[in-house]
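In: What follows is a predicted structure for the sequence shown.
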Amino acid sequence: MEKNKKQTKKSPYQKIDLEHVFSYLQTNEYPPDDRYSNRIHRSNLRQRALDFIIENGKLYSQYYSTPFPSTCDNTSDTDRQKSDKKSLKRLVLFSNDDKLQAFYECHISEEGQHHGKNRTVALCKDKYYFLCMIEMVKLLIRNCPICSSRLDTTNIITMEQENDMDILNMLYGEKHDNHVLQEMENFRSYGNSDSTIELFSTNTDIDVDHNENTNDISQSLELSFSCNNEIKTVHETDLESSSSTKQNSAVEKSCIMKNEPDEERNEEVLENVDNNGVEICNLESDVEPDYFWHSVELCVLGPYGCQGRQKYVMIFLDLYSMWPEVAIIDTISPDIITMGLLDLVCRYNVMTRLYLRSSLCGGLSLLTPDVQLLKSADLHIDIVKKDVHYSDEIWTLLKNKVSCFIKNNLDWPCTLLFAIMPFRIAYDDHVDGTCNLFISRRQKKENEDGFHKFDSKLKKLLSIYRYCSNKSVNLGDTNDKITTDIITERELDSVSENLSKKKLT
C-alpha cells in the first residue's frame, strides 16, 4: 500500500507535460519517456488527453460551459445539459514568447488602458491555456512600467520582487524589454494623428480632475484671476488630423498637450482657438535656445530601489547650457511634476518651452504638468511632446551616470547631486557650465522697489504648490509622514540639519 501511495504522489495529474499530450494525440502513441513505462503515468496521460483536441495542427483545450438555471426553469439537469451545453476552446501555448505576447494582448486594451490582475487573468483564460498563468500575470504586472507608476500602488519591494527581473530575463531575455518598448510607443505620437487622438481619449479621468482641481482652488483660496490667459500648446498640422481633431473637440477639450510636427513637414501657424480657450500654434522643431532657461527638457528615470521602496529621478535639462536639475520623487503624477516645475520656476524664472522626453517610467500623460493650474497662475509655457535630438548624447551620459551612482551608493537619495556635478562644470569650450552663466545678465536688487509687483503672483504660485503637495500626500501612503514627495536641493540641507538636532537631543 505504501508503494502505491508513493507512486501516485510522484505522478500528479496536474504536472503532465502538455507537449506529451500534443504528441500523444498526433501519433496515438506514448512519448519516448521513461515515466510512461509505468501504468499509472500512461493512464493519467490518456485521461488528460480527453480534455484536448487538435485543429489545424494546433492544440486546443476543450471545456464545456453551462449557463445558470433561471428561476422559472422546470427542466431537469440532464435535459438542460443536453440542450444548453456549449463547447469552448482555448489555444494551448508552449513557448515563452507566445505566452508573453498573449499577456500584453490581454493586459492592454485597444484604447491603451492597462487592466488589473483579475481582468487580465480572465481575458487570458478565455482565449489561451498554459500552466502557471496566474503566477506569470502577477509577475509581469508587478514589472509593468505603466502599472508600477500608478498612484494607487505603493510599490513595496519584497524579496520575491527583487528576483522578478532575474526570472524575466531568464525566461524571456530581451523579449520582455522589447515588448515594453513597443507598448510604450502606443503612448507616443510621433507624426501619427490617430495615436494622438487615442492618447487623448484614454485620459478623460485625469482631465476631469484638472477641471475640478481648478474649481476647488478658486473656491478655497478665493483667487480672483481671469481665465483669459491661455497656455500655448503644440499641435500637429496635418490636413487629415486637423479635421479629425475638430470633430473630436468634445473629447479633447480639456487636453492641452499636442504633438510638434516633423522636421520635413511644412509648418503652418493656426490662428484659431479651440472650444476650451487654448491657443493652438506650431513651433519650429529643434530650434536651439538663445539664452539660459529658455527651453527645458524633462525626463523621469527609474524606478530605483531605496530602503524597500521604489523611487524615481526627475531631471530637468536646460537645452542652452545642458545644465541639469534633479529631484527625487516617490510617484509619477501631474501634481508631482507641477511641484517640481514650480520649484524651478522660483529658482530660475519661467521657461518659454518645456519638452517632454519619452520615458519608460510612464506615459506622457503622467509626465505632463497640470496645465490648468499653470494657466490659473498666468504661466505661459509651450509644452512640446518631443525628444530633442541634439541632447541625446547628454541624456545617454546622464542616464548611465545616475544608474551607476545609484547602484554603488546606498545613500543616493541624499548624495545624488554629486553624480550630476560633472555635467554642471565640465563642458565644451564654447559653453560655460559654471555659475558665471547665471550672473552674467543678473540685475542686482539693493532695495525693495518693485517687489510689490510680484506679491499677487507669488501668492498664486504658493497656493498651487501647497495644493499639489496636499493632494500628493492624500493619494500616497497613509503611513508616511505628511510631507511632500519631492526632495530638492534646499530640502536636503534641512533634512540633514533636523537629523543632527535629533541626535544631539
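Out: Cool, the structure landed. Numbering: from 1, shown residues only.

In: hey, what's residue 58 bridged with?
Out: Beta-bridge pairing for residue 58 (DSSP bridges): residue 55.

In: That one and residue 25: what is the separation?
Out: Here the criterion is Cβ to Cβ, to the nearest Å. By it, residue 58 lies 11 Å from residue 25. Where you see a C-beta, it was placed from the backbone N, CA and C, and this is true even at glycine.

In: same deal with residue 87?
Out: For residue 87 relative to residue 25 (Cβ to Cβ), the value is 17 Å.

In: Please apply the same query to residue 115.
Out: Distance from residue 115 to residue 25, by Cβ to Cβ: 33 Å.

In: Give me the helix or strand of the protein that scores worst on average pLDDT.
Out: Lowest mean confidence among the helices and strands of the chain (mean pLDDT, DSSP states H and E): helix 193-201, at a mean of 30.

In: Give me the residue ranges of the stretch 151-300 of the chain where confidence is low.
Out: Low-confidence regions of the stretch 151-300 of the chain, defined by pLDDT under 70, span residues 151-287.

In: what about 90?
Out: 151-294 (pLDDT under 90).

In: all strands of the stretch 51-200 of the chain, in order?
Out: 52-55, 58-65, 86-92, 128-129 (DSSP state E, counting those that start in this stretch).

In: Adding mean pLDDT, distance to residue 423 and mean neighbour count, write the ones you listed out as JSON lines.
Out: Putting those into JSON lines (pLDDT from 0 to 100; distance: least, Cβ to Cβ, whole Å; neighbours: other Cβ atoms under 10 Å) gives the following:
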{"stretch": "strand 52-55", "mean pLDDT": "89", "distance to residue 423": "59", "mean neighbour count": "14"}
{"stretch": "strand 58-65", "mean pLDDT": "82", "distance to residue 423": "54", "mean neighbour count": "14"}
{"stretch": "strand 86-92", "mean pLDDT": "84", "distance to residue 423": "51", "mean neighbour count": "14"}
{"stretch": "strand 128-129", "mean pLDDT": "90", "distance to residue 423": "47", "mean neighbour count": "20"}
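
In: Nearest to residue 111, out of these?
Out: strand 128-129 (21.5 Å; Cβ to Cβ).

In: Give the other helices and strands that the closest one contacts.
Out: Judged by 3 or more Cβ pairs under 8 Å, 6 or more residues apart in numbering; DSSP states H and E, strand 128-129 is in contact with strand 86-92.

In: which other residues reach the strand it packs on?
Out: The contact list for strand 86-92, computed with Cβ atoms under 8 Å, 6 or more residues apart in numbering, reads 18, 22, 52-53, 55, 58-66, 125-130.

In: how about the helix or strand harbouring residue 414: buried residues?
Out: Taking DSSP states H and E as the definition, residue 414 sits inside helix 412-415. In terms of neighbour count (16 or more other Cβ atoms under 10 Å), helix 412-415 has its buried residues at 412, 413.

In: helices and strands around it, which ones?
Out: Helices and strands touching helix 412-415, as assessed by 3+ Cβ pairs under 8 Å, 6+ apart, comprise strand 295-306, helix 489-504.

In: Pull the CA coordinates from that helix and hand them back as CSV.
Out: Taking Å, rounded to 0.1, in the frame of the first residue of the first chain, the C-alpha atoms of helix 412-415 are listed here in CSV:
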residue,chain,number,x,y,z
TRP,A,412,21.9,58.0,-3.2
PRO,A,413,18.7,60.0,-2.3
CYS,A,414,20.9,62.4,-0.2
THR,A,415,24.0,62.3,-2.4
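
In: average pLDDT for that helix?
Out: Mean pLDDT, taken over the full extent of helix 412-415, equals 88.

In: next helix or strand past it?
Out: Going C-terminal from helix 412-415, and assigning secondary structure by DSSP H and E, you next hit helix 421-425.

In: helices and strands around that next one, which ones?
Out: helix 392-408.

In: and the angle for the helix it packs on with strand 295-306?
Out: In terms of direction (axes from the mean of the first three to the mean of the last three Cα atoms, to 10 degrees), helix 392-408 departs from strand 295-306 by 20 degrees.

In: The one helix or strand residue 21 maps to versus strand 58-65: what angle between them?
Out: Residue 21 belongs to helix 18-27 when assigned by DSSP H and E. Our comparison of helix 18-27 with strand 58-65, counting by the same axes, to 10 degrees, yields an angle of 100 degrees.

In: Report whether the expected contact of residue 301 with residue 401 is present.
Out: No - with contact defined as Cβ atoms under 8 Å, residue 301 and residue 401 do not form a contacting pair (10.7 Å).

In: who has more neighbours, those two?
Out: residue 301 (19 against 16; other Cβ atoms under 10 Å).

In: what sits against the more buried one?
Out: By Cβ under 8 Å, 6+ apart, residue 301 lies in contact with 312, 313, 315, 359, 361, 399, 402, 403.

In: Only whichever of those are buried, select them in ChimeraX.
Out: One line in ChimeraX is enough to select the buried members of these, burial here meaning 16+ other Cβ under 10 Å:
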select :312,313,315,359,361,402
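
In: out of the contacts of residue 301, who's nearest residue 461?
Out: With Cβ to Cβ as the yardstick, the closest approach to residue 461 among the contacts of residue 301 comes from residue 315, at 21.9 Å.
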